[in-house]
Structure formats: structure tokens, C-alpha cells
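>>> The following comprises the amino acid sequence and a computationally predicted model.
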Amino acid sequence: MCGIVGYVGSRPAAPILLEALKRLEYRGYDSAGMATVSRKLFVKKDRGRIADIDRRLKLAEMPGNLGVGHTRWATHGEPSRVNAHPHLDNSGKIAVVHNGIIENYFELKKFLQGHGYRFTSQTDTEVIPNLIHHFLKRSGDLEGSVRQAAKRLRGSFALAVISEEEPGKIIAVRQDSPLIIGLGEGEVFLASDIPAILQHTNRMLVLENGEMAVLTPDDVSIKKFGSGATVKREPMLVQWTAEMAEKEGYPHFTLKEIFQQPDAVRDTLRVPPEELKRLARFLLRAKRVYLIACGTSYHAALVAKYALAKLAGFPVEVVISSEFGEIGNMDEGTAVLAITQSGETADTLKAVEAARAAGARVACLTNVVGSSITRMSDLVCYTYAGPEVSVVATKTFAAQVAYLLRLAVQLAEARGRSGPRSKRLAAGLGSMPEIMRKVLVEVEPRVKSLARGFLSAEHIYLIGRGVGYPLVLEGALKIKEITYIHSEGMPAGELKHGTLALIERGTPVIAVVTPGGMRMKMVSNVEEVKARGAQVTAIADNGKDLEGHVDELISIPHTEELLSPLLFIIPLQLLAYHITVGRGQDPDRPRSLAKSVTVE
Ligand code: G6P
């Protein structure tokens, strides 16, 4: 996730762009840059936070009344000056800023190299200005060339394009990444999100997928880049405050990020199959495979353990990073997959160091390009959840699970075990973002009202089986982290070995009844706690059979068992969130916790 901005009008563009970029830093902050036009094109960019780059390069002093800017959250290519945006074409006259991921950049790069274009960065974006130039050389029509280029791009992209040869306009394009146009008096603004430009205007036009717009100081014309058909759209009046806008109208980043999960999964599913094949080969070469992680990432690793075993018959050991040194059996035959959204967790880095020292090979799965773990790993894999602001991990968990499910499908294939189940899973994954979106909207009001019943709870017990087990661990972690209520997740089968003694009249129990072979056993466990007077809230796959047997029921649409974590985690996260808010606490800033724990 990156942030892009643009300005065309009669004022100096640079200070406006700079201010807008600072307001978008929550979308990415590893590097930034700007391009302006004043007779010719000026470009400044570098690695680092925007304020530091401005101090070094004097961004605000760039000349011209038109320009674009970018704040980056790296996806392809580590944070560096050369990978920072804007990117130029080989003629140096066209500048592009991009938010998103170009899936077919490799083919496009080859195609352009065949036509003599040279590439200097490791980004997917650099193909875009060159592709535009390729068409422009023949037609001389910038707008038409941007349209031709947009039609050939696959993936997600919000683009802003400027050229020194047509110095009065910005061309904006949108597919699956947000883009907002702000209308002023004799000036027009462009941004990934509303807060970047809200101080200048509240008259906004939202660009939709498949559309492009030409922005001049007095006019905005929108058309579909596929058909070329003109689009008429009335501006809307945005009533948000700047703070509300940063959270896209959500009261907290935690809730915003819970609702961003379908996008995080969708973008992560765009990882090219070659990357998963590489990781599968890496793991298959080993005598033994460990998945190591902390916190929420550890729970994603546990989901993977079930998926890898059930789908690919591929056993892995999942170990908490801080314990790995004590029990990891490491030598040249060992492969370690370290899972860490931040790529900076000290316990995980230490475990990786120890594994490498013993001759093991290390792959990592992280959400932060260029993070410390990437420099210590033999193979680097990424989720594409975008930056997560809230301390509690939500969308990065969903992205990790989606990635690891794809890995299970890949391993099943590589081991000749890709039967109907893995085909169903592979096909089902593609529709998960839409189903997740539906579940979010449907369950939120219900969970919000159920949360009232937990406000003064002292203990909450969560039980699950199969993939429901890592889910209850994760649900209990979310509840602990932000509500401060003691909560414990456990395999439902273990109840009778101890915890059942704590269940008495009114004890809150959340039963996570996922689909699959264990479902009936879970229903029996529900009866077991009910018989002892527990207050049971069931989150159940197609839960009709539980109606009347439990106190509260949240029914989840039926899916393939291994896909169910992506849906069942939603009510658990929402419950933690709404209990927290109901208790008057701030979910974004839980006491004593840090987003990235860089001490052992
Ligand atoms: C901290 C965060 C958790 C996170 C854990 C592991 O404890 O508060 O939300 O799950 O670190 O982080 P990682 O970046 O390694 O996934």
C-alpha cells in the first residue's frame, strides 16, 4: 500500500503535495518522492521518512503549478532511492506514481526490453511510464497512450501520470486501488485517500475501477479506459474531520484494518505462482521443516500446520520463536520458515540467527519489504496486507493465512496429491475476499450487540477443534490484548482434562464450531459446557442445528474447512474490538504492548 497525490492549479504545487504526502504517511513510509513540471520535468525522491527527505532535498522548493507525489510502502524492490517513485520513462519526460501491484510486469518488461527500453529499478512500476512512452512514440497522444497502457496492465493500480510535453494536466487511472479527486476553485487535487486533500476542499469525486480522468485546473473529465465511454459523475460533499478521514470514517484503526481484510487477502492472493513454487521446492528439499513465529503470526503458522498436513500430507513443526533455541533440531537438513508481519521481532530474528549458524536454510514470510528478516533469509516471501497501524494484528493475520493456504495447495501439487479437495480449496480461495466482505457487514451489528454481554466478564473461555483450535488461540489473544479480560483458548477435547472444573453457572464460553470432520464432536463439547451452566456463544458453520442449544449464535456461511479461518476470525476480532470500546478503552493503543517487539 502506498499513497499518491497530485495537484494542478495556479499555486506552487510542491508545498501542497508535500503537506498531502505527510497526511498519507499512514499508507506507507519507507521512501517518498515528487515530480513537478515548470517548462521541464523536475524529480526528487529518496529513501526515508518524508520530513527527512524534505530536509535533505528541499522538496517544497520544487518549481511549477503542477505535480505528483508518492509515499511508498515497498512491494517490489527494497526501499531505496532508485526504487522510490516517481518513475520516469527512458526519455525522462513522463513521470508516474503508482499504488498497487502490477501482476504482469515481468512480461511487460520483457516486451519493452525487446523494444530497446532499459530498466534501472527493481519495481513493477517502471514498466508503466515506458509502456506509455512506447504508445506515445507512435500516436503523439498522451491521454490515448495512457489508456492503451492501462488496458495492458493486470493487477491493482492507481496511477498519476504527468509529462513535460503536456504540462497543464494530470492523467489519473484507477483499478482496485483507491483514487479521489478534489475539486477547488481553479485547482484540482488528487489523492489515494480523502485526508490528504480535505484541508483544501470537501467537494470530491471518487474514481471507480476501470476509469481514468484527465485533470486540468478548471476541468475533470472521466472515461472508462476499456471502452473509452465518457462517465458523468456528480461530486460528493465530504463531511468528515481530518482525523475521521485518516481512518476512512472508522472510529479506530483497529476497526478499519479488520474491514480491510478482504483487500489484504485479495492482494496477497496476487502473489505470482512462481514465488509459491520456489517456497514449496525450498521446503521439499529439507529433512525437517519448522515454522517459527510469535504472537498472531504463530497462530497463522498453526493454521498452516493443519492445512499442510491435511492437504499435502506434509508435516511441519510449529515452534514459538523464543523457545526455538531450546528444542529446534537444527542442521543442514533443516528448513525454517519464519513468519513475522513486521520482520523485526527480536525473538524471531534470534531464532533465525541460531538456525543459520547451525547450517539450516531459512525462508521468511513478512509484510514489510526490506525488513531485517529479509536480509537474514535465503528466500524471502511477502504478504501484501499494507501497513498495519493498530498494535493488534488483524489484516496481516488474514494475509498470512491466505498465503499459507496457497502454499499448502502448491505443496499438494508438488507432491502429486492435488486431488479434488485441493482443487476446491484453490478455487475457493479466489472468492474469499467477497465472502469475507459479506460476513463483515452481516456479523458486525450482531457482534456489537453481543459484546454488551461481555463487558463485565472476568474470564472468557474459547474452545475449538481442528483449524478452530488456532482460531480460538487467536481470538483469546485479541480479547486479552485490547479488552484486558482474561481469556483462554483451548482445544475443546482438552476441556475434560482440567478446564471443565472452572465452568460454572454463567461462565462465558465461546465455541468456535468450524466445518469438517470434527464438527459433531464440537457440538458435543458445547452440550458438555452447557450442562454445567456455561453461557455459550457459538460461532458456527451454518449453525441451524445449534439454535436453541446455545445462548447466542453467530452463523457463518459454509465453506471448505481449511478456508473457514478466514471467515471465523472476523467475529472474534470484532468481538474483542466491541468489548474494548464498550469498556471505554482505546483498542488502537493497548497498555504495555508494542506493535513490533525488538527486544528478547
Ligand atoms: C507483537 C505484536 C503482535 C504480533 C507479535 C509478532 O507482540 O503486538 O500483534 O503478533 O508482535 O509480530 P510479528 O511482526 O513478528 O508478526
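Okay, I see it. Residues are numbered from 1 along each chain as shown.
>>> CA atoms for contacts and neighbours, from now on please.
OK.
>>> List the contacts of the closest residue to Ala402 other than its chain neighbours.
Spatial nearest neighbour of Ala402, chain neighbours left out: Val265 (6.1 Å); criterion: C-alpha to C-alpha, 6 or more residues apart in numbering. Contact analysis of Val265 by C-alpha atoms under 8 Å, 6 or more residues apart in numbering lists 384-385, 398-399, 402, 432-433.
>>> try 10 Å
Each residue near Val265 by C-alpha atoms under 10 Å, 6 or more residues apart in numbering is listed here: 383-385, 395-403, 429-430, 432-433, 436, 566.
>>> Double-check that it belongs to a strand.
No - looking at Val265 with DSSP: H, G, I helix; E, B strand; the rest coil, it is helix, so not inside a strand.
>>> how close does it sit to the ligand?
Distance of Val265 to the ligand, computed by C-alpha to the nearest ligand atom, to the nearest Å: 16 Å.
>>> For Asp193, see how far away that residue is.
Per C-alpha to C-alpha, to the nearest Å, Val265 is found 20 Å from Asp193.
>>> do Gly64 as well
Relative to Asp193, and taking C-alpha to C-alpha, Gly64 is found at 23 Å.
>>> Over to Lys423?
From Lys423 to Asp193 the distance is 38 Å (C-alpha to C-alpha).
>>> again, but for Thr71
Computed as C-alpha to C-alpha, the Thr71 to Asp193 distance reads 12 Å.
>>> which one of these two has more residues nearby?
Thr71 (36 against 24; other C-alpha atoms under 10 Å).
>>> what pairs with that one across the strands?
Using DSSP bridges, the bridge partners assigned to Thr71 are Gly3, Ala32.
>>> tell me the contacts of it?
By C-alpha under 10 Å, 6+ apart, the contact list for Thr71 reads 1-5, 18, 20-22, 24-34, 45, 47-50, 84-86, 97-99.
>>> run the last query once more with 7 Å
The contact partners of Thr71, by C-alpha atoms under 7 Å, 6 or more residues apart in numbering, come to 2-4, 21, 25, 28-29, 31-33.
>>> Equivalent analysis for Ala312, please.
408, 411-412, 417.
>>> can you check Val369 too?
By C-alpha under 7 Å, 6+ apart, the neighbours of Val369 are 74-75, 78.
>>> how about 8 Å then?
When contacts are counted by C-alpha under 8 Å, 6+ apart, Val369 touches 73-79, 382.
>>> Any idea how many residues pack against Gly92?
17.
>>> no, scratch that, I was asking about Ser371
Residues near Ser371, counting by other C-alpha under 10 Å, number 16.
>>> so Asp551 touches Ala534, yeah?
No - if you go by C-alpha atoms under 8 Å, Asp551 and Ala534 don't touch, sitting 9.1 Å apart.
>>> How about residues contacting the helix or strand harbouring Ala150?
In the assignment (DSSP states H and E), Ala150 maps to helix 142-152. Residues from elsewhere that reach helix 142-152, judged by C-alpha under 8 Å, 6+ apart: 128, 131-133, 135-136, 139, 166, 171, 173, 212, 214, 225-226.
>>> now the helix or strand where Glu274 lies: mean pLDDT?
Glu274 belongs to helix 273-284 when assigned by DSSP H and E. The average pLDDT within helix 273-284 is 96.
>>> for that helix, which positions count as buried?
Neighbour-count burial for helix 273-284 flags 276-277, 279-280, 282-284 (criterion: 16 or more other C-alpha atoms under 10 Å).
>>> so which of these comes closest to the ligand?
Nearest to the ligand among those: Leu279, at 18.9 Å, using C-alpha to the nearest ligand atom.
>>> The closest one against Leu379, yeah?
Yes - taking contacts as C-alpha under 8 Å, Leu279 lies within contact range of Leu379: 7.4 Å.
>>> tell me, what's touching these two both at once?
Joint contacts of Leu279 and Leu379 (C-alpha under 8 Å, 6+ apart) are Ala363.
>>> low pLDDT regions in the stretch 201-350 of the chain?
Applying pLDDT under 70 to the stretch 201-350 of the chain flags the ranges 242.
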